[in-house]
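*Asks:* got a sequence here, can you build the structure:
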Amino acid sequence: MTDVTTRAPRDGALVRADGSPIRVLVVDDEATLSDLLSMALRYEGWEVRTAGDGSTAVRLAREFRPDAIVLDVMLPDIDGVEVLRRVRADTPEVPVLFLTARDAVEDRITGLTAGGDDYVTKPFSLEELVARLRGLLRRAGMAAAQRSSELVVGDLVLDEDAHEVRRGDRRIDLTATEFELLRYLMRNPRRVLSKAQILDRVWNYDFGGQSNVVELYVSYLRKKIDAGYQPMIHTVRGAGYVLRPAAG
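*Replies:* So this is what the prediction gives:
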């Protein structure tokens, strides 16, 4: 299975020399994990394709010409080290970030000695993995696009540099956690975000944690953001939460 996005890079995202989105190939046979990784990388404004086995990964690497590869060591056909060897035969400079089991020390050593540039162990924080990829891409010469410090959804404005939030003419005071939650919602307007996604992105829980903390902070945020206005934060039953510009 492959997947691709063509969304333009957001402000501040790393981009290729020609200004086009960075391309990342994600190789893992766990579909749920691949979906989460793809979501996190698209959030960076990057173009993503996925492969569930080594043979597909090698083919896609030739067709897609990724700027970086996230590569699981354990795959159902050929292992990640062999995938790396075949890919590097065509594109010797492409950065590769290995995914390994937490207790598989030998896998990590083998991957790095085979030419892998970095690794993260499962389970991991999406934030950590994206940060590692950013580091690899910067070292590979990728540049950051000009960034605006403001996120704007309808009449709601969040200034990331000044750490300020306004709705209309009213300034809204938020705690650090409320600010991070709102920033995540505003970076993904009209997109339904599950409690698991919010936990991982805001609280850095590794695919788990207590979902009631999300409910609690969403209720805090609603009282501050939506009080006296048309609501912007909505619950999608059984799916999660979404931030939309106020109707009318």
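
*Asks:* drop to CA atoms for contacts and neighbour counts, all remaining ones
*Replies:* Fine.

*Asks:* any idea of the pLDDT on the most centrally placed residue in the chain?
*Replies:* Per C-alpha atoms, centre = their mean, the C-alpha nearest to the average position across the chain is that of residue 40, at 1.5 Å. Note on residue 40: pLDDT of 89.

*Asks:* hang on, it packs against residue 126?
*Replies:* Yes: counting by C-alpha atoms under 8 Å, a contact exists between residue 40 and residue 126, whose distance comes to 6.8 Å.

*Asks:* follow-up on the earlier one: doesn't the residue nearest to the centre of the chain belong to a strand?
*Replies:* No: using DSSP: H, G, I helix; E, B strand; the rest coil, the assignment for residue 40 is helix, not a strand.

*Asks:* helix or strand with the lowest mean pLDDT in the protein?
*Replies:* Sorting the helices and strands of the chain by mean pLDDT, DSSP states H and E puts helix 105-113 at the bottom, at a mean of 61.

*Asks:* quick one: the strands in this protein?
*Replies:* Taking DSSP state E as the criterion, the chain carries its strands at 14-15, 23-27, 47-51, 68-72, 96-101, 118-122, 143-144, 150-153, 156-159, 164-167, 170-172, 233-236, 240-243.

*Asks:* so for residue 134, which of those sits nearest?
*Replies:* Closest to residue 134 of the strands of the chain is strand 14-15 (C-alpha to C-alpha; 7.6 Å).

*Asks:* was I right to think residue 230 contacts residue 246?
*Replies:* Yes: using C-alpha under 8 Å, residue 230 is in contact with residue 246, at 5.5 Å.

*Asks:* all helices of the chain, in order?
*Replies:* For the chain, the helices defined by DSSP state H occupy 31-43, 54-64, 80-90, 105-113, 126-139, 176-187, 195-198, 212-225.

*Asks:* who touches the second one?
*Replies:* What that stands for is helix 54-64. For helix 54-64, the external contacting residues (C-alpha atoms under 8 Å, 6 or more residues apart in numbering) are 23, 25, 27, 50-51, 75-80, 83, 86-87, 90.

*Asks:* that one: which residues count as buried?
*Replies:* Buried residues in helix 54-64, defined by neighbour count with 16 or more other C-alpha atoms under 10 Å: 54-58, 60-61, 64.

*Asks:* dump these to a markdown table, plus pLDDT and distance to residue 157.
*Replies:* Listed next are these as a markdown table, based on pLDDT from 0 to 100; distance: C-alpha to C-alpha, whole Å:
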| residue | pLDDT | distance to residue 157 |
| --- | --- | --- |
| 54 | 95 | 44 |
| 55 | 95 | 46 |
| 56 | 96 | 43 |
| 57 | 96 | 41 |
| 58 | 96 | 44 |
| 60 | 95 | 40 |
| 61 | 95 | 40 |
| 64 | 93 | 37 |
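
*Asks:* understood, closing this out.
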